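Novice: What would the 3D arrangement of this be:
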Amino acid sequence: RVEGRIWYTSHRGRLWIAATAKRPTPQEISELEATYRILLQEDLEFPKDYPSGCLLGCVDLIDCLSQEQFQEQHPQLSQESASPFVFICSNPQEMVIKFPIKGKHKLWKLDCKIHQGAKKGLMKQKVAV
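Specialist: Down below sits the predicted model:
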């Protein structure tokens, strides 16, 4: 739904999501899951595993708002991010197979071969759903 950042982007459209190479600690996972249970006031089902160093999937980046714009336009989501800029995302799609990948800072272009394989991975998932 939303993702906080300290920088603005003019990009709109498909945004591929790469997991950081650093594995989260059990404490970090527990704290984050507890935060989302409180924020969303739901008994959510979380993943059993949090992969690292791989391409996870993609979202559609609808908008990038300043914190002020975010508070005005999405008051119901305002507690989900206090970052200076907030990505508004929709249509999350998970990769069937997580490709190992070394991420870079901010937004960057995927290697052509990885991009082609990633698109096929999403297409297979759509057919299976």
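Novice: Find the nearest non-adjacent residue to Asp63, please.
Specialist: Ile88 (4.3 Å; Cβ to Cβ, 6 or more residues apart in numbering). Heads up, the C-betas are built off the backbone N, CA and C, glycines and all.
Novice: so which helix or strand takes in that neighbour?
Specialist: Using DSSP states H and E, Ile88 sits within strand 85-100.
Novice: May I have the predicted confidence score for the nearest residue to Pro92 once chain neighbours are set aside?
Specialist: Leaving aside its chain neighbours, Pro92 sits nearest to Val59 (5.0 Å; criterion: Cβ to Cβ, 6+ apart). What the model reports as pLDDT for Val59 is 96.
Novice: What pairs with whichever helix or strand Val59 is part of, parallel or antiparallel?
Specialist: Per DSSP H and E, Val59 falls inside strand 54-66. According to DSSP bridges, strand 54-66 forms sheet pairs with strand 13-18 (antiparallel), strand 85-100 (antiparallel).
Novice: Pull out the buried positions in the shortest one.
Specialist: Residues of strand 13-18 classed as buried: 15-18 (neighbour count, 16 or more other Cβ atoms under 10 Å).
Novice: from the residues you listed, which single one is nearest Ile6?
Specialist: Leu15 (16.7 Å; Cβ to Cβ).
Novice: Poorly predicted segments of the chain, please.
Specialist: Along the chain, segments meeting pLDDT under 70 span 123-129.
Novice: Find the residue at the geometric middle of it.
Specialist: When Cα atoms, centre = their mean is applied to the chain, the residue found nearest the centroid is Ile17 (5.6 Å).
Novice: wait, isn't it in contact with Gly57?
Specialist: Yes. Using Cβ atoms under 8 Å, Ile17 is in contact with Gly57, at 5.7 Å.
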